[in-house]
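K.L.:
Below are the sequence and a predicted model for it; my questions follow.
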2 protein chains.
Amino acid sequence: MGTFIFLHLVFFWQIIYCNLGNPQCLGQQPITFFREVLALCEHPELMDRDETREFFSPDAIARAKEILDTVPSRAIGAYSHCRGNKGLRDAVAAGIGARDGFPNNSDDIFLTDGATPAVHMMMQFLIRSEKDGILCPVPQCPLYSASICFHGGCFVPYYLDESRGWRLALFEVKKQLENARYKEITVRAMVVINPGNPTGQVLSELNQREIVEFCKKEGLVLLADEVYQDNIIVEDKKFNSFRKIVRSMGYGNDELTLVSFHSVSKGYYGECGKRGGYMEANGFQPEVKEQIYKMASVNLCANVPGQILTSLVMNPPQVGDASYELFTKEKDEIISSLAKCAKELESALNSFEGVTCNKVEGGMYLFPRLFLPNMAIEAAKADQEAPDAFYAHRLLDATGIVVVPGSGFAQVPGTWHVRCTILPVEEKIQKIVSRWKAFHKEFMNEFH
Amino acid sequence: MGTFIFLHLVFFWQIIYCNLGNPQCLGQQPITFFREVLALCEHPELMDRDETREFFSPDAIARAKEILDTVPSRAIGAYSHCRGNKGLRDAVAAGIGARDGFPNNSDDIFLTDGATPAVHMMMQFLIRSEKDGILCPVPQCPLYSASICFHGGCFVPYYLDESRGWRLALFEVKKQLENARYKEITVRAMVVINPGNPTGQVLSELNQREIVEFCKKEGLVLLADEVYQDNIIVEDKKFNSFRKIVRSMGYGNDELTLVSFHSVSKGYYGECGKRGGYMEANGFQPEVKEQIYKMASVNLCANVPGQILTSLVMNPPQVGDASYELFTKEKDEIISSLAKCAKELESALNSFEGVTCNKVEGGMYLFPRLFLPNMAIEAAKADQEAPDAFYAHRLLDATGIVVVPGSGFAQVPGTWHVRCTILPVEEKIQKIVSRWKAFHKEFMNEFH
């Protein structure tokens, strides 16, 4: 592998990583306001000096002060409460309330080192034996299949309808639930990823209401992965949290078990390395919440700078704040760059022979389907590879573009896909498109 | 509980938290150099400005530049390699090499979110069923008992000898190993905490050599908790890492399986909220290392600011660096304050009726033994509490001083202890001593 990458460096001078949702690795700049506040919290002396005050926006200084005032002893180097610092949880709760238009309770919130440990925690909590099942979309983010496997449970797939823009059809979910029950699997929860990863669709409100009713009726915990909530890249779609849907349907806090996951790694901020996020657990009985709390306490607490960043992401600068203009500019540029990249890649891929690609509405990825020639499938078999992995390796080999084979996300058997981020900076898109196009043509010619 | 604490606030204006090793929560200030580098990495713009350059030490600026140069795309907001950023791992490896006088391999190092997740990872890795056992000192840090329980293994205690300064006697370990084997437990590893938590002893080099030989002979993985390595508070003791001992005995990298844990939470730095640390796994076969690597990858990566801080802790300013003087002053003040607090508390406790307290050599805690009157033990029983918990509750109730009952750490059956940190700032020590003394006298009178 080392030599292989080295050869690419020699031939192309650059591998183009389109495999991961890791924006800053691809050159995306952090949001200035967030980093100003973090730097001030790390070294509070800075805000007491007249000279340095000129280099920070006044609202960043005010926010850093506000944050330090909520941290006991103003010490971000101290362990926080296992659920996360109370003041920061309050701020996150306020941000959620403002987003949804429904107030909430900061006691339901756990600040975490990103969505990943939170999902693991819930899987560990929900899965008692291999007879406990979790409904997951297919394709899905491998976090879910890996975590269910890790905790010894049963992965119960429901297939998204690719032919209808990766629509989540409830009759399909019902069918799979019945199948699982027939096999004596106790289905405990349903995972919904909205916006979709790797599929990029945004659920309609109507669809979300159906899902809520379904989970309520069937007694399932609804696990809502909403880490791409700030990545809506089309005009005609809007993110609605499941929490908001549940509340707007009139359900109270204890009528439905809903766990929402969010992260500072995605969105326009893309601060993956900071490992911040939250989990909101609604509708559990006090004794169950106590158990979740115990589990959270096993790792003492989430990293405090990550907790601070989570509070900032949920409460960014507002109209009238000194940073608002710069913040909006940075945010809009990132989102519009994502939208442009998505569009260009999408239309390029749809022009390839034997490739179809649904429109991305949100998230960070395209998931084009490859109709591979039989000879390519045979060649993959001979190499003991899945056909999409074979294609992805060939693509890397020929162009330096890294994508992830669809088999990593699960897909309808016999269909083949790759996942490609829409993150690369705009200047690189043309290069990617032309290289990929030339490769694809050659590949299809070779195996036709 | 809420009312209870409120009442204390009314009566005492202050609860004194002597229960946790959470220094900054008790007012300990962070090390300036570390925070300068972190702030600069968060907001690199600062170091490009002539004006701000005056407010940071030149070596902090140089270090921040050096660190950003090792991070791909200079992006600390990007996911790092699952083992940790390669440049930072190299820095940690260099720091370990300088500490021990033996070079090492950064591929054996995993940067982690503190020692806790690293210990969990190793326990998950080592424990296959309830017939797999882990030898642990008693008393021990509850992390070990909790993690072994969590992963379904068997806790195999070996008792430290309180009458000889919490000495680790190898014949006791051998006896317990044989006992466990007789019960068909497969003992897979031996945990050694050095300096001890909660016991505060520092192992002699001779003792460490014996332990190494023992683990080698018995085929045990040696799990070395060395998070208090920078907390030696007596003149006549010195910290030797197990890695150094193993190397100085002439053993090569693959002759002994040793996992060392370190953390940024303790030492003179006490940056608990940052969740940084490392695990060094020596002597495992490549395929085993591959499995550990896979497990580490489940959570993507440790938080990057924590990784940076770990590299700083392992490579603090050196003689000749601009920050050296301030750094040394800050460090020495903290360590000497710990030593003073320890001494005062120690001699006070030893003057109490029915209390003995071993000398603390390292770590952050005292673990005095309480010889409780029978009537107190009966009263505890009536309250359905362990006698040491009963004592600790009474102490809190009467004085606002929070300590942890020894039963939380395990102890020789029928003996009773409490754990008390030596962290409170010096000015509070006299207050603690006089309140505790008065309480203790009254407690003993009540139950005699």
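P.N.:
Arrived safely.
K.L.:
Enumerate the residues of the stretch 1-150 of chain A near chain B.
P.N.:
A:20, A:22-27, A:30, A:35-36, A:38-40, A:42-43, A:45-46, A:49, A:51-52, A:54-55, A:72-73, A:75-80, A:113-114, A:116-117, A:120, A:146-147, A:150 (C-beta under 8 Å from any C-beta of the partner chain). C-beta: built from backbone N, CA, C; applies to glycine.
K.L.:
Can I have the buried ones of those as a ChimeraX selection?
P.N.:
Restricted to buried positions by 16 or more other C-beta atoms under 10 Å in any protein chain shown, the ChimeraX selection for the residues of the stretch 1-150 of chain A next to chain B reads:
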select /A:20,22,23,24,25,26,30,35,36,38,39,40,42,43,46,52,55,72,73,75,76,77,78,79,80,113,114,116,117,120,146,147
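K.L.:
so where's the stretch 151-300 of chain A uncertain?
P.N.:
For the stretch 151-300 of chain A, no stretch is flagged by pLDDT under 70.
K.L.:
So which residues on it come close to chain B?
P.N.:
Contacts of the stretch 151-300 of chain A with chain B, taken as C-beta under 8 Å from any C-beta, map to A:Ser265, A:Gly270, A:Glu271, A:Cys272, A:Gly273, A:Lys274, A:Arg275, A:Val298, A:Asn299, A:Leu300.
K.L.:
among these, who's most crowded?
P.N.:
Using other C-beta atoms under 10 Å in any protein chain shown as the neighbour test, these are led by A:Lys274, with 34 neighbours.
K.L.:
List the contacts of that one.
P.N.:
A:Val264, A:Ser265, A:Asn303, A:Pro305, A:Gly306, A:Leu309, B:Ile76, B:Gly77, B:Asn303, B:Val304, B:Pro305 (C-beta atoms under 8 Å, 6 or more residues apart in numbering or on different chains).
K.L.:
Quick one: residues contacting the second one.
P.N.:
For A:Ser265, the contacting residues are A:Gly21, A:Gly114, A:Ala115, A:Val227, A:Glu271, A:Cys272, A:Lys274, A:Arg275, A:Gly276, A:Gly277, B:Tyr79, taking C-beta under 8 Å, 6+ apart as the criterion.
K.L.:
TSV for the residues of the stretch 151-300 of chain A next to chain B, including secondary structure?
P.N.:
Formatted as TSV, these follow (DSSP: H, G, I helix; E, B strand; the rest coil):
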residue	secondary structure
A:Ser265	coil
A:Gly270	coil
A:Glu271	coil
A:Cys272	helix
A:Gly273	helix
A:Lys274	helix
A:Arg275	coil
A:Val298	coil
A:Asn299	coil
A:Leu300	coil
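K.L.:
In the contacts of A:Lys274, which residue is surrounded by the most others?
P.N.:
Counting by other C-beta under 10 Å, top hit in the contacts of A:Lys274: A:Gly306 with 31 neighbours.
K.L.:
Need the nearest residue in space to that one, chain neighbours excluded.
P.N.:
A:Gly276 (3.1 Å; C-beta to C-beta, 6 or more residues apart in numbering or on different chains).
K.L.:
How about A:Gln430?
P.N.:
A:Glu344 (7.8 Å).
K.L.:
Check the burial of the one you found by counting its neighbours.
P.N.:
16.
K.L.:
That one contacts A:Ser434, doesn't it?
P.N.:
No - contact criterion C-beta atoms under 8 Å: A:Glu344 and A:Ser434 do not qualify, at 11.1 Å.
K.L.:
Out of the residues of the stretch 151-300 of chain A next to chain B, which is nearest to B:Asn197?
P.N.:
Lowest distance from B:Asn197 to those (C-beta to C-beta) belongs to A:Leu300, with 14.1 Å.
K.L.:
need the contact list for that closest one.
P.N.:
Contacts of A:Leu300 (C-beta under 8 Å, 6+ apart): A:Tyr79, A:Cys82, B:Gly114, B:Thr116, B:Cys272, B:Arg275.
K.L.:
Pick out the most distant pair among those residues.
P.N.:
Taking C-beta to C-beta, no two of those sit farther apart than A:Cys82 and B:Gly114, at 13.4 Å.
K.L.:
Rounded mean pLDDT for stretch A:418-438, please.
P.N.:
For stretch A:418-438, the mean per-residue pLDDT is 86.
K.L.:
What residues sit buried inside that stretch?
P.N.:
Buried, per 16+ other C-beta under 10 Å, within stretch A:418-438: A:418-424, A:428-429, A:431-433, A:435-436.
K.L.:
Give me the secondary structure label for the residue nearest to A:Ala386 when sequence neighbours are not counted.
P.N.:
In this structure, A:Ala386 finds its nearest non-sequential neighbour in A:Ser407, 4.4 Å apart by C-beta to C-beta, 6+ apart. Secondary structure for A:Ser407, judged by three-state DSSP, is helix.
K.L.:
for A:Ser407, what are its contacts?
P.N.:
Contacts for A:Ser407 (C-beta under 8 Å, 6+ apart) come out as A:Ala386, A:Asp388, A:Ala389, A:Trp416.
K.L.:
What segments of the stretch 151-300 of chain A are helices?
P.N.:
A:170-182, A:205-218, A:242-248, A:286-297 (DSSP state H, counting those that start in this stretch).
K.L.:
Let me have those in CSV, extended by mean neighbour count.
P.N.:
Output for those, formatted as CSV (neighbours: other C-beta atoms under 10 Å in any protein chain shown):
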stretch, mean neighbour count
helix A:170-182, 15
helix A:205-218, 17
helix A:242-248, 22
helix A:286-297, 14
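K.L.:
Any idea which of the ones you listed gets closest to B:Phe125?
P.N.:
Nearest of these to B:Phe125, taken as C-beta to C-beta: helix A:286-297 at 19.6 Å.
K.L.:
for that closest one, packing partners?
P.N.:
When contacts are defined as 3 or more C-beta pairs under 8 Å, 6 or more residues apart in numbering or on different chains; DSSP states H and E, helix A:286-297 packs onto strand A:109-112, helix A:115-126.
K.L.:
Could you tell me the angle between whichever helix or strand comes after the longest one and helix A:205-218?
P.N.:
This means helix A:115-126. Downstream of helix A:115-126, the first helix or strand assigned by DSSP states H and E is strand A:132-138. Between strand A:132-138 and helix A:205-218, the angle comes out at 170 degrees (axes from the mean of the first three to the mean of the last three C-alpha atoms, to 10 degrees).
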